[in-house]
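Asker: only the shape, not the letters, is given here:
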Ligand code: C5P
């Protein structure tokens, strides 16, 4: 199986720029492949590209409106050029003509695609395709070098018979190679392949009676982002989820639980088979001592007293199973963020802890973004700025992988 075959783009947003060359028909196939692997795809075509293939084809395959014109009110209303560039996790231009490369290298922004090229801040790749003499022309090669120096990933053209009849370098790289490059840009190489990862997510619910419960506002988004990021990097992922409105992620065994005790039981069942445990779940610390089978009546009472007892601490309960496993915990704090998180890191025997300040309004519970600090044993601290939960998930996995590899080397 090739890496391209394994690539999984679930939940990732790919912006595909298409310029006018005979190999445009292959980019239609590329859209299908990205979609088949779970990506959301948005296509932007230059005017010349539309002479080879209709926007309708691209629109049908990508299931999204195609961007064509900077000055079209309809286009700008569906997704403006700035929004389109900011939306993408990956921007890839395939095929990229010599003309596009020249404009991109010089910063010319005279149509939608070249304008987006200046706005996009996500990873960018270009897959050039052109006549072999054009490709080897020093001007084109200079432009390629300029783009490469600026961090653009060049997916070099392949060799063979070209549409114009010439032979040599210039044909669009094979789709498999383009997909592999996209995978590497989005996730780094499949650096977690062969690893099994257990992730917990969401809140737990502790019932008082059939209609009332104690819980917290955790949406599960952070844990699901970690599960999806790990799956994208090649890990086999099991997700134990408390009640959330999120759907089971594709390709991840998802176990639904309600209470802390159920979460502990599921974690116990699965810890042996996993090498990493990432506990993002916001487990309720206490549960009502009594759980009535009938709805408690008001009976005109002005006050009621609810007796609560502590729930098991899942991480503490799983401490004996740790061995060589990597344990990552989360700490939601409203004061002395790093001090409190560090205490938990040590008392719960974790390798890493992700600390969140829950008093910040733009991040944390229910939000799509998070601002977190990563703390490791022996004083490691990394303070991340506000970023999407998926991006933060990747940063956490990046550091976890570093620790994992170091432990394997030393052990
Ligand atoms: O003690 P505190 O709840 O702040 O610790 C947070 C970390 O401990 C999180 O990783 C959370 O998933 C985990 N936890 C647990 N069992 C509990 C409470 C929290 O494993 N009962």
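Answerer: Arrived safely. Note that the structure is a prediction, hence the values are computed from the model and not measured. Numbering: from 1, shown residues only.

Asker: gap between the residue in the stretch 1-150 of the chain that the ligand sits nearest to and residue 34?
Answerer: At 22.4 Å from the ligand, residue 11 is the closest residue in the stretch 1-150 of the chain, using C-beta to the nearest ligand atom. The C-beta positions use only the backbone N, C-alpha and C, and glycine is treated the same way. According to C-beta to C-beta, to the nearest Å, residue 11 stands 12 Å off from residue 34.

Asker: likewise for residue 352?
Answerer: Taking C-beta to C-beta, one finds residue 352 at 32 Å from residue 34.

Asker: just residue 70 next, same as before
Answerer: 24 Å.

Asker: now swap in residue 381 and tell me
Answerer: To residue 34, residue 381 is 37 Å away according to C-beta to C-beta.

Asker: now do the same contact list for residue 403.
Answerer: 326, 351-352, 376 (C-beta atoms under 8 Å, 6 or more residues apart in numbering).

Asker: between residue 11 and residue 34, tell me which one has more neighbours.
Answerer: Legend: neighbour count by other C-beta atoms under 10 Å for residue 11 and residue 34, higher for residue 34 (25 against 18).

Asker: what residues sit buried inside the helix or strand hosting the more buried one?
Answerer: Assigned by DSSP states H and E, residue 34 belongs to helix 24-36. Across helix 24-36, burial judged by 16 or more other C-beta atoms under 10 Å covers 24, 26-28, 30-31, 33-35.

Asker: dump those to CSV, plus distance to residue 92.
Answerer: Formatted as CSV, the buried residues of helix 24-36 follow (distance: C-beta to C-beta, whole Å):
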residue, distance to residue 92
24, 14
26, 13
27, 9
28, 14
30, 8
31, 11
33, 12
34, 9
35, 14
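
Asker: count of neighbours near residue 295?
Answerer: 11.

Asker: the ligand versus that one, what's the distance?
Answerer: The spacing between residue 295 and the ligand, counted by C-beta to the nearest ligand atom, to the nearest Å, is 27 Å.

Asker: and what of residue 240?
Answerer: 11 Å.

Asker: shouldn't that residue be within a strand?
Answerer: Yes. Using DSSP: H, G, I helix; E, B strand; the rest coil, the assignment for residue 240 is a strand.

Asker: I'd guessed it sits against residue 265; true?
Answerer: No. Using C-beta atoms under 8 Å, residue 240 is not in contact with residue 265, being 9.6 Å away.

Asker: how about the residue of the stretch 101-250 of the chain found nearest the ligand, secondary structure?
Answerer: Nearest residue of the stretch 101-250 of the chain to the ligand (C-beta to the nearest ligand atom) works out as residue 200 at 6.1 Å. Under three-state DSSP, residue 200 falls in the strand class.

Asker: list the contacts of it.
Answerer: Applying C-beta under 8 Å, 6+ apart, the residues near residue 200 are 223, 239-242, 263, 267, 277-281, 283, 314.

Asker: which one's more surrounded, residue 240 and residue 265?
Answerer: Shown here are residue 240 and residue 265; by other C-beta under 10 Å, residue 240 has more neighbours (28 against 16).
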